[in-house]
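Visitor: Next input, structure requested:
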Amino acid sequence: MKPFVYRNGVIVFRRRMPPGTLPITHMQSRRLRKVVDVLARHGRPEFGQSRKLMLVPGVPEAPNGNAAVRAMLRFKREVELRLKPRARRTF
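Guide: This is a model prediction of the structure:
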């Protein structure tokens, strides 16, 4: 499953891209959900939801669309940076 973000900053994990969302990353990893969970802001569950809301920091309070896109791109870079394999040290 891949993470997608709505304009209001809510992150969802789905197999296919829901209408009105942008993909956070196309990378596949077992750690992907954990990395997104660590970097995201958390909100209270909305009525009828059992899970807490995950939000992209900076998107919900963005004054305009450009600021929201910049916040989403910062989040995307951070997620991808944390998913990159680290170079092993050789002694």
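
Visitor: Please count neighbours and contacts with C-alpha atoms only from this point.
Guide: Will do.

Visitor: low-scoring stretches of the protein, by residue?
Guide: Across the chain, the ranges flagged by pLDDT under 70 are 46-50, 87-91.

Visitor: Strands along that one, start to end?
Guide: Assigned by DSSP state E, the chain shows strands spanning 2-6, 11-14, 21-23, 41-43, 53-55.

Visitor: Kindly reformat those strands as CSV containing distance to Ala67.
Guide: Listed next are the strands of the chain as CSV, based on distance: least, C-alpha to C-alpha, whole Å:
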stretch, distance to Ala67
strand 2-6, 14
strand 11-14, 17
strand 21-23, 15
strand 41-43, 17
strand 53-55, 15
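
Visitor: Output these in CSV; the columns should cover mean neighbour count and distance to Val79.
Guide: Formatted as CSV, the strands of the chain follow (neighbours: other C-alpha atoms under 10 Å; distance: least, C-alpha to C-alpha, whole Å):
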stretch, mean neighbour count, distance to Val79
strand 2-6, 20, 11
strand 11-14, 17, 13
strand 21-23, 17, 12
strand 41-43, 14, 13
strand 53-55, 20, 13
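
Visitor: mind checking the longest helix of this protein?
Guide: Taking DSSP state H as the criterion, the chain has its longest helix at helix 65-83.
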